[in-house]
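Colleague: Make a model of this:
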Amino acid sequence: MADLETQIGPLRLRNPVLTASGTFGYGDEMAPWLDLTRLGALVCKTVTRAPRAGNAPPRTCETSSGMLNAIGLQNVGIEAFRRDKLPFLRDCGTPLIVNIAGETVEDFAFLCRALSEESGIAGIELNISCPNVAHGLDFATDPHLTEDVVAHARRATSLPLFAKLSPNVSDITLVARAAQNGGTDALCVANTFVGLAIDVKARRPRLSNVTGGLSGPAIKPLALRAVWKCANAVSIPVIGVGGIVTPHDALEFLIAGARAVQIGSATFAQPRAALSVIEGIETYLDENGFQSVGEIVGSLKIE
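Modeller: Numbering: from 1, shown residues only. Model prediction:
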């Protein structure tokens, strides 16, 4: 059987399939549905300095081949996370990546320091690109701000850092290089695309926030292009995310240059989607004579 292990910065993961923040809760909700120990890593929902109630409903709606969400980073806050959520997560049998967000660079540094005091955390994902909160995109749309916030986080922790980028920019490679310059160990490419849905009968937005983040199969070709561009622009690992449902989808991202992938919206319809992707990648490697997953990473042939 092919070797599925992959290296993401300092982390050696058993396979290249992770969960995506915001779609897997704090892990305990999903534990009855699948064996968490089979995941490459678990990325939990975003944690902020103070608890957040999130945006008013309605805050999700289905779209053609996808969904819009404007949850607004609802979460319990760092103190309740450390007290109530972390005990389960640190013992769930798979590496834990904690996704964090802040309104200032000081918030990110504070959260990094707080998490560094805890055991059982494999890394921190910097959510500098949420499109559903006020000023949520500021860090990820300006290379200078991106480098600044990543640098503040880097100085605040020795844990591996993964910067999650926004696709809502004219040239994502500029932001990717800025994040690398700031000291991130890897990039997560990319967050949701800003979209709008309208109730034509009421002539009103279908989300109370007016716009939301588009995810699901509809964005896969766009996310795949962003991964390919970033993988060719930086020297650090890229984690691909966006519309991955099947093993075929995940393989496209790996061939484009991602060293790992995250499964997001697919989990809502198929709680075991991540495990199906792992099994499918393994089958593909075996059937095509590859000894390791690393052999196909970045193997896209362009004549």
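Colleague: which stretches of this protein aren't confidently modelled?
Modeller: For the chain, residues meeting the criterion pLDDT under 70 lie at 134-137.
Colleague: where do the helices sit along it?
Modeller: Along the chain, the stretches classed as helices by DSSP state H are 78-80, 86-90, 105-116, 138-141, 143-156, 172-182, 220-231, 247-256, 266-269, 273-287.
Colleague: Which of the ones you listed sits closest to Ala53?
Modeller: Ranking those by distance to Ala53, with Cβ to Cβ as the measure, places helix 78-80 first at 13.2 Å. C-beta coordinates here come from the backbone N, C-alpha and C atoms, glycine included.
Colleague: For the closest one, name the packing helices and strands.
Modeller: helix 105-116 (3 or more Cβ pairs under 8 Å, 6 or more residues apart in numbering; DSSP states H and E).
Colleague: Span of stretch 203-220 from start to end?
Modeller: Criterion Cα to Cα, to the nearest Å; first-to-last residue distance in stretch 203-220 is 29 Å.
Colleague: from the chain's centre, how far out does that stretch sit?
Modeller: Put simply, stretch 203-220 sits 18 Å off its chain's centre (Cα atoms, centre = their mean, to the nearest Å).
Colleague: residues making contact with it?
Modeller: Taking contacts as Cβ atoms under 8 Å, 6 or more residues apart in numbering, the residues outside stretch 203-220 that touch it are 55-61, 63-70, 72, 130-132, 167, 191-199, 242-245, 249, 252, 264-266.
Colleague: now those: which count as buried?
Modeller: Buried subset of the contacts of stretch 203-220 (neighbour count, 16 or more other Cβ atoms under 10 Å): 55, 59, 61, 63, 66-70, 72, 130-132, 167, 191-195, 197, 242-245, 249, 252, 264-266.
Colleague: Which of the residues you listed fall in strands?
Modeller: Members of these lying in strands (criterion: DSSP state E): Cys61, Thr63, Gly66, Met67, Leu68, Asn69, Phe193, Val194, Gly195.
Colleague: residue contacts, the second one?
Modeller: It stands for Thr63. Thr63 touches Gly195, Ala197, Leu214, Gly216, Ala218, counting by Cβ under 8 Å, 6+ apart.
Colleague: what's the spacing between the residue lying closest to the second one once chain neighbours are set aside and Gly72?
Modeller: Going back to what we said before, that points to Ala197. Sequence neighbours aside, Arg206 is the residue nearest to Ala197 in space, at 4.2 Å (criterion: Cβ to Cβ, 6 or more residues apart in numbering). Computed as Cβ to Cβ, to the nearest Å, the Arg206 to Gly72 distance reads 16 Å.
Colleague: what does Ala179 give?
Modeller: Distance from Ala179 to Gly72, by Cβ to Cβ: 24 Å.
Colleague: Show the contacting residues for the closest residue in space to Phe268 that isn't next to it in sequence.
Modeller: Counting by Cβ to Cβ, 6+ apart, Thr23 is the residue found nearest to Phe268 once chain neighbours are left out, at 6.7 Å. By Cβ under 8 Å, 6+ apart, Thr23 lies in contact with Ile263, Gly264, Ser265, Thr267, Phe268.
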